[in-house]
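Participant: Okay, sequence plus prediction incoming.
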Amino acid sequence: MRISRKTLHDALKELNKVADHKSSIPVLSHMYLNAAFNSLTITATDLNRRLSVSVRAEGHIESCCLPAKLLEKLVKPEGRKKNDYVTMKYEDGVVTIEAGGVTTKIKTLDADDFPQPMASAHDLRFVAIFQRAHFRESLSHVIPAMNTDETRMNTCAVSMDEDRLAATDRHRLHWAGLPITVKEPLLVPAASAKTLLCMLKGTVNGLVITSRTDNVLQVRSGSYTLQTKLLQEEFPPYRRAIPPENSETLQVSLKAKLLSQALKQINRISSEDIVNMRVNGQIQLQSADKDATAEVIVPTASSSHVDGEDDLTLNVNLKYLQDAIHKDSDYVTLMFHADEGPVVVSQNKGRAVALVMPCRV
């Protein structure tokens with residue numbers, strides 16, 4: 001079998017993020033190779049996620065399991081060579097791999113030992129089809145707000161419910177709109193959500209096709225297929241935390257790039273996680289360091305602040321505010337609420353929204 005070296009290596013890099021290299025089950029640190037119809041499908045799993053990638057190939061090879069990390073190292077391209085290929089040959093439980101003039105023989109594990117898919121095509125029921133670019137944009141917006149505390153599994157996840165994706169760590173909340181309503185709520189584990197985002201990188205064209213069983217979600221896009229176990233916990237009723245429309249005491253709009261650059265400047269200088277905000281006709285950002293003070297003024301495009309009114313001051317987690325700003329947004333709107341209420345960050349005409357709670361210092 002003959003395969004493009006770069007194409008194969010790109011696929012193996014993503015698959016190695018799923019393979020379980022610490023498991024006591026040897027086959028989980030391996031990849032399953034299955035050739036058919038001038039293509040090679042490679043699969044990795046940690047028993048909670050199963051990721052498959054199909055690449056174009058010439059010829060055939062018997063189904064087998066090869067060590068994941070070793071395989072990636074062997075086929076890693078050297079420099080920027082074009083039209084560089086890898087050849088594989090299977091014989092008596094050994095795969096001979098030739099890449100870059102180096103020939104390596106690797107013992108395989110039995111293909112029958114590799115775990116079966118989590119759900120068969122017969123068991124899956126259709127959920128929805130999304131435009132790849134739109135779904136990736138929504139997913140990339142909510143992922144930063146996922147909880148990292150594994151004792152709270154219901155928030156170490158992304159929720160897909162009705163017309164939104166959402167994530168929260170109980171200090172902040174991100175949600176993003178979906179163009180299609182999902183009838184049955186889904187709770188996707190954090191690791192699987194990150195894998196899904198990685199497989200959607202690259203080309204913006206194409207579709208994301210989702211289907212499910214009661215316990216498994218399958219996502220297909222391009223040459224990738226992901227199956228993941230779903231969490232059975234209940235996601236927090238986050239919609240209750242969203243302030244009613246027009247309840248803000250102050251609203252400002254400004255260029256997202258200007259605010260993002262200002263926060264980066266403060267972050268470079270400050271050793272603290274907190275930034276002080278003073279809001280009037282403009283936004284003044286000040287680090288909370290005791291030894292050194294950094295200050296940046298950000299002009300606004302519009303503000304509801306009235307001359308003569310007191311400035312609004314509050315402290316906000318610097319990283320949370322940075323994460324709330326989507327890199328592809330032109331303008332961002334900040335809505336402030338009374339009585340130490342949340343800061344609501346809205347962009348892309350309300351399709352991507354974040355709620356950040358002020359900090360007490």
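Facilitator: It's in. Numbering: from 1, shown residues only.
Participant: residues near Asp20, how many?
Facilitator: Using other CB atoms under 10 Å, Asp20 has 18 other residues around it. Heads up, the C-betas are built off the backbone N, CA and C, glycines and all.
Participant: Over to the one 3 residues further on?
Facilitator: Ser23 sits with 12 neighbouring residues when counted by other CB under 10 Å.
Participant: Could you look up the SS state of it?
Facilitator: Here Ser23 is coil, with the state taken from DSSP: H, G, I helix; E, B strand; the rest coil.
Participant: So it is in contact with Ser29, correct?
Facilitator: Yes - between Ser23 and Ser29 there is a contact under CB atoms under 8 Å: 6.4 Å.
Participant: Backbone torsions only: list them for Glu245.
Facilitator: phi -60, psi 140 (degrees, to the nearest 10).
Participant: Read off the pLDDT value for the nearest residue to Lys255 once chain neighbours are set aside.
Facilitator: Spatially, and ignoring its direct neighbours in sequence, Lys255 is nearest to Tyr331 (6.0 Å; CB to CB, 6 or more residues apart in numbering). Tyr331 carries a pLDDT value of 94.
Participant: okay, now Tyr331: neighbour count?
Facilitator: Applying other CB under 10 Å, we find 17 residues neighbouring Tyr331.
Participant: cool, Trp175 as well?
Facilitator: Applying other CB under 10 Å, I find that Trp175 has 25 neighbouring residues.
Participant: Return the set of buried residues in stretch 132-148.
Facilitator: Across stretch 132-148, burial judged by 16 or more other CB atoms under 10 Å covers 132, 134-147.
Participant: can you check stretch 314-334 too?
Facilitator: Under the neighbour-count criterion of 16+ other CB under 10 Å, stretch 314-334 has 314-318, 320-326, 329, 331-334 buried.
Participant: do stretch 181-197 as well
Facilitator: Applying 16+ other CB under 10 Å to stretch 181-197 flags 182, 186-197 as buried.
Participant: Tell me which two in those residues are the farthest apart.
Facilitator: Across the buried residues of stretch 181-197, the longest distance by CB to CB is 20.9 Å; it joins Val182 and Ala191.
Participant: quick one on the thing from earlier: out of the buried residues of stretch 314-334, which are inside strands?
Facilitator: Per DSSP state E, strands hold the following members of the buried residues of stretch 314-334: 314-317, 331-334.
Participant: Taking these, tell me the two that lie furthest apart.
Facilitator: For those, the maximum inter-member distance is 24.2 Å, found between Asn315 and Tyr331 (CB to CB).
Participant: Output the ones in strands among the buried residues of stretch 314-334 in JSON lines, with distance to Lys89 appended to each entry.
Facilitator: As requested, those are arranged in JSON lines below (distance: CB to CB, whole Å):
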{"residue": "Leu314", "distance to Lys89": "65"}
{"residue": "Asn315", "distance to Lys89": "63"}
{"residue": "Val316", "distance to Lys89": "59"}
{"residue": "Asn317", "distance to Lys89": "55"}
{"residue": "Tyr331", "distance to Lys89": "57"}
{"residue": "Val332", "distance to Lys89": "56"}
{"residue": "Thr333", "distance to Lys89": "60"}
{"residue": "Leu334", "distance to Lys89": "61"}
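Participant: That concludes my questions; thank you for your assistance.
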